[in-house]
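K.L.:
Need coordinates for the below:
(one chain, ligands or ions: 2)
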Amino acid sequence: MITFSSVANANVRNTKQQEFIDVATLLPTALFDIRYYSSNNFVGKPIDGYKSAKCLLHKTTAYALQKAHKQAQLAGLNFKIFDCYRPQRAVDHFVRWVNDPTDLVTKATYYPNLGKDELLGGYIAAKSGHSRGSTLDLTLTDSEGTELNMGSLFDMFDTLSNTDDLRITTRQKANRYKLKNIMLAAGFAPYSMEWWHFTYKQQAYPNTYFDFVIE
Ligand SMILES: C[C@@H](N)C(=O)N[C@H](C)C(=O)O
Ligand SMILES: [Zn+2]
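P.N.:
Ligands and ions are numbered 1, 2, ... in the order given. Coordinates of the predicted model:
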């Protein structure tokens, strides 16, 4: 039955959804490689909820990212963005994948040293800041678009991806810190387990996990 309150709740959700921005319109020169739209990711398939290869973020986070991007550009660098807003149904898809012990197709590339049962929590969240529209995954490139060497690839679920892992070279550490310092200065918090993952601290909806599809 459609009640007054269910219609009202849907309206509030839609209003909040309208506060999300397509980041490409704010950062027209940034690079985007939205992995979960494609099969080029740790699941090996397009992920639920990604009907388009867009980077959506809540507008407060997007404006902060624009500030960070300007700093990167001043240093002769660019952003390459891998993931932004992530619908809860996409997170649920990840969790289903984690819980399927028979599917090990991407193990060698993405989690060679861990069991799937060790990924949830640290490397893959069941409730993610990405679903709040306040979090994104990104790296730095040079002015030609070549990714800086960060010592591990995006979504390599391994201690090697921990920002301060001791096995990376001085150059790789300097590159991770270039990214981290640019993001910190714009108000983002880093995540020590994944050098690519940042959350805007003044997030608008710290307790809301959105589930609208990326169209
Ligand atoms: C899956 C990976 N890209 C990521 O974002 N991990 C963190 C922990 C998350 O899922 O929020
Ligand atoms: Zn992330």
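
K.L.:
what about whichever residue of the chain sits closest to ligand 2, which helix or strand?
P.N.:
Nearest to ligand 2, among the residues of the chain, is residue 197, at 3.6 Å (CB to the ion). Quick note: C-beta positions are derived from backbone N, CA and C, even for glycine. Here residue 197 sits within strand 194-200, counting by DSSP states H and E.

K.L.:
What are the buried residues along that strand?
P.N.:
Residues of strand 194-200 classed as buried by neighbour count (16 or more other CB atoms under 10 Å): 194, 195, 196, 197, 198, 199, 200.

K.L.:
Farthest-apart pair in those, please.
P.N.:
The largest separation in these, counting by CB to CB, is between 195 and 200 at 17.2 Å.

K.L.:
quick one on the thing from earlier: contacting ligand 1 as well, which ones from the buried residues of strand 194-200?
P.N.:
194, 197 (CB under 6 Å from any ligand atom).

K.L.:
Just put the buried residues of strand 194-200 in TSV and tack on pLDDT and distance to residue 90.
P.N.:
Shown next, in TSV, are those (pLDDT from 0 to 100; distance: CB to CB, whole Å):
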residue	pLDDT	distance to residue 90
194	98	17
195	98	22
196	99	17
197	98	15
198	98	18
199	98	17
200	98	19
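
K.L.:
Distance to residue 88 for the buried residues of strand 194-200 - can I get that in CSV?
P.N.:
CSV is the format used below for the buried residues of strand 194-200 (distance: CB to CB, whole Å):
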residue, distance to residue 88
194, 20
195, 25
196, 21
197, 17
198, 20
199, 16
200, 19
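
K.L.:
just curious, which of the buried residues of strand 194-200 is nearest to residue 188?
P.N.:
residue 198 (4.1 Å).

K.L.:
Touching, the closest one and residue 139? I think so.
P.N.:
No. Counting by CB atoms under 8 Å, residue 198 stays clear of residue 139, with 11.0 Å between them.

K.L.:
Now for those two: what residues contact both?
P.N.:
Common contacts of residue 198 and residue 139 (CB atoms under 8 Å, 6 or more residues apart in numbering): none found.

K.L.:
Next, count neighbours for residue 67.
P.N.:
When neighbours are defined as other CB atoms under 10 Å, residue 67 has 13 of them.

K.L.:
Same check on residue 169?
P.N.:
Other residues within reach of residue 169, judged by other CB under 10 Å, total 10.

K.L.:
what's near enough to touch the residue nearest to it when sequence neighbours are not counted?
P.N.:
Nearest residue to residue 169 in three dimensions, chain neighbours excluded: residue 151, at 6.9 Å (CB to CB, 6 or more residues apart in numbering). Residue 151 is in contact with 160, 165, 167, 168, 169, 172, 173, 175, 176, 195, counting by CB under 8 Å, 6+ apart.

K.L.:
if you set the cut-off to 7 Å instead, what comes out?
P.N.:
160, 168, 169, 172 (CB atoms under 7 Å, 6 or more residues apart in numbering).

K.L.:
The first one contacts residue 167, doesn't it?
P.N.:
Yes. The pair formed by residue 160 and residue 167 meets the contact definition of CB atoms under 7 Å, at 6.2 Å.
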